[in-house]
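> The sequence and its predicted three-dimensional model are supplied below.
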Amino acid sequence: MIHSGEQEFDARFDVLVIGAGGCGLVAALAAADAAPGSEIAVVEKLDRMQGNSMLSSGSIPAAGTRFQREAGVQDDAAAFIADLDRIAGAHDAPLLRERLAKVSAELVEWLVDRAGVALTLVKTYKHIGHSVHRLHSPPSRRGADLMNDLLRKVEEKDIPVAFGNPAVELVVSPEGAVVGAVTTTPTGERTTIAAGAVILCTNGFAADRALLQQYCPEVVGAAYGGAAGSQGEAVRWGLELGAALGNMTSYQGHASLADPHGSLVTWTVVEKGGIVVDATGRRFGDESMGYSAFAAVEMAHGGPFYVIADTRVRDVTASGQEEYAELVAHGGVSEAADAAALAARWGMDPAVLADTLEAAAASASEGAPDAFGRTAWGLGALRAPFTVTRIAPALFHTQGGLLVDGDARVLRPDGSVIPGLYAGGGATAGISGNRGGQGYMSGNGLLGALGLGYIAGRAAAGAVKADTNAATA
């Protein structure tokens, strides 16, 4: 952290966005949209787009969109908030949960109409936690396509994005306002940038083992499947500035990372009726709690693990999700004629596996809660031929960080605002509660990224414009 009087500024912008992930690109576009003619710039430490939005399915939950109405889906912010409350429970950012739910429809329609992003309502699955179909995603179900659309629009708007230029320090005025940042080039050249507002879109701290050990020790040993750049800068800078933190134990895990392929085995396989077993062929929990919550169950149980479904589930899932279809095409989903063949292929006890499959099929047919409390079975009881993929639990991103207000302004513990500083996405306290991976609902991370980017960009540009107008009046 340096003070503004310590050196000259090399460049000046109205709004400086730190981080070129989904949050950062949306923040830049929203700022440009809210205050035409504003000078906006984005700096990014990596040499290309590599954030968690790129790795996601691009699924944004939104309630009350025109796309839902066209599909006959009845939904509103109150229903969305009720779902979030049910899954996450009480936590440190309840106002943020309400703000994001209420702005979600506006966000999705703005992304399509103003930011040039191709999105469609996902009608083939809801994912656990959502009571109605409210996920909006690129047709490919790939976050990379969403990001490419955003970057294309940023380039059309002539907003500069400096890749390979990490921000290394924030610049603070004697009064405690954030007034810029210092960046460096790969050769070590420093640039001090002045800004009317700074928006932190630097992602979380899942790639920093020291911060994980401090705040999320239960996942320190988990495989990491998220972005390499999630190294906790926002948390460290915020603490230096006296910012408040929230939901720091929260994270998004995933119970189904293909082992050893490394690609995600979509949880749709489970939602359609699949089960997860251990090396003996036994189930050990209620898979319907969701992919994030079940990851913690797996980590406590100890692997290896296998997701078992059948060819119906495989084919239905592959028809709607390209990444899973590619896993199937590349041999990542094995097929077995019956339970005995499956057990022989993977070294499981055939009698144990047969009992497991029979018990699951009975529960699916009867509709009563099974021994673990599961009642949702998708397409119904599994039947031969079966499919199987070896999987492992993984950590994808943290869901805790800086506390912000309804305009994405960074707060101190007493509720006061740190002037000039905004934040979004993984840099902030999310809406997934403070119970580890249990409160994560599909799309929470991307809604926090794009939703807060949208809010922060508009608020920051509006504040700078108001200050400029006041100064010239």
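Everything's here; your move.

> how far does whichever helix or strand residue 420 is part of sit from the chain's center?
Under DSSP states H and E, the secondary-structure element containing residue 420 is strand 417-423. Taking CA atoms, centre = their mean, to the nearest Å, one finds the center of strand 417-423 at 23 Å from the center of the full chain.

> Give the pairing partners of it; include direction for each.
strand 190-200 (parallel), strand 409-411 (antiparallel) (DSSP bridges).

> which non-adjacent residue is nearest residue 47?
In space, not counting the residues next to it along the chain, residue 47 is nearest to residue 164; the distance is 4.5 Å by CB to CB, 6 or more residues apart in numbering. Bear in mind the C-beta positions are built from the backbone N, C-alpha and C, glycine included.

> if I look at residue 167, how far off is residue 228?
Residue 167 sits at a distance of 17 Å from residue 228 (criterion: CB to CB, to the nearest Å).

> Residue 389 pairs with what?
Here residue 389 shows beta-bridge partners residue 307, assigned using DSSP bridges.

> Please work out how many residues are found near residue 323.
Other residues near residue 323 number 16, with proximity taken as other CB atoms under 10 Å.

> That one contacts residue 142, doesn't it?
Yes. In this structure residue 323 lies within contact range of residue 142 using CB atoms under 8 Å: 6.9 Å.

> Next, show the common contact partners of those two.
For the pair residue 323 and residue 142, residues contacting each of them under the criterion CB atoms under 8 Å, 6 or more residues apart in numbering are residue 57.

> what about the stretch 351-473 of the chain, any weak spots by pLDDT?
Along the stretch 351-473 of the chain, the parts satisfying pLDDT under 70 run over 473.

> how about the strands in it?
All strands of the stretch 351-473 of the chain, identified by DSSP state E, counting those that start in this stretch, fall at 386-398, 401-402, 409-411, 417-423.

> Could you identify which of the ones you listed is most buried?
Each of the strands of the stretch 351-473 of the chain was scored by mean neighbour count; the highest is strand 401-402, a mean of 30, by mean count of other CB atoms under 10 Å.

> which other residues reach that strand?
Outside of strand 401-402, the residues within contact range by CB under 8 Å, 6+ apart are 200, 204-205, 234-235, 238, 243-248, 410-411, 423, 426-430.

> show me the contacts for the residue nearest to residue 411 when sequence neighbours are not counted.
For residue 411, ignoring the flanking residues on the chain, the nearest one in space by CB to CB, 6+ apart is residue 403 at 4.7 Å. Going by CB under 8 Å, 6+ apart, residue 403 touches 92-93, 243-246, 410-411, 428-429.

> Relative to residue 208, how far out is residue 403?
From residue 403 across to residue 208, the span is 19 Å (CB to CB).

> picking up where we left off before, mind checking which of the strands of the stretch 351-473 of the chain is nearest residue 67?
Closest to residue 67 of those is strand 386-398 (CB to CB; 26.2 Å).

> where's the closest one relative to the chain centroid, distance-wise?
Between the centre of strand 386-398 and the centre of its chain there are 17 Å (CA atoms, centre = their mean).

> Then stretch 228-245?
Relative to the mean C-alpha coordinate of its chain, stretch 228-245 is positioned 18 Å out (CA atoms, centre = their mean).

> Quick one: residues in contact with that stretch.
Residues outside stretch 228-245 that contact it (CB under 8 Å, 6+ apart): 1, 18, 45-46, 50-52, 167, 170, 172, 176, 178, 200, 202-208, 211, 397-398, 400-403, 410-413, 418, 421, 423, 426-429.

> what do you get if the cut-off is 6 Å, keeping everything else the same?
Defining contact as CB atoms under 6 Å, 6 or more residues apart in numbering, one finds that stretch 228-245 is touched by 1, 46, 170, 200, 202-208, 211, 401-403, 410-413, 418, 427.

> pLDDT of it, averaged?
In this model, stretch 228-245 has a mean pLDDT of 96.

> distance between the ends of it?
Criterion CA to CA, to the nearest Å; first-to-last residue distance in stretch 228-245 is 22 Å.

> and residue 132, how many neighbours does it have?
As a burial measure, the neighbour count of residue 132 was computed by other CB under 10 Å and equals 15.

> How about residue 95: what's its closest non-neighbour residue?
With sequence-adjacent residues excluded and distances taken as CB to CB, 6+ apart, residue 95 is closest to residue 406, at 6.3 Å.

> swap in residue 350?
Going by CB to CB, 6+ apart, residue 350 has residue 343 as its nearest residue, at 4.0 Å.

> okay but residue 427 is in contact with residue 202, surely?
Yes. Here residue 427 reaches residue 202: they are 5.2 Å apart, a contact under CB atoms under 6 Å.

> Neighbour count: these two, which is higher?
residue 427 (36 against 31).

> Noted, bye for now.
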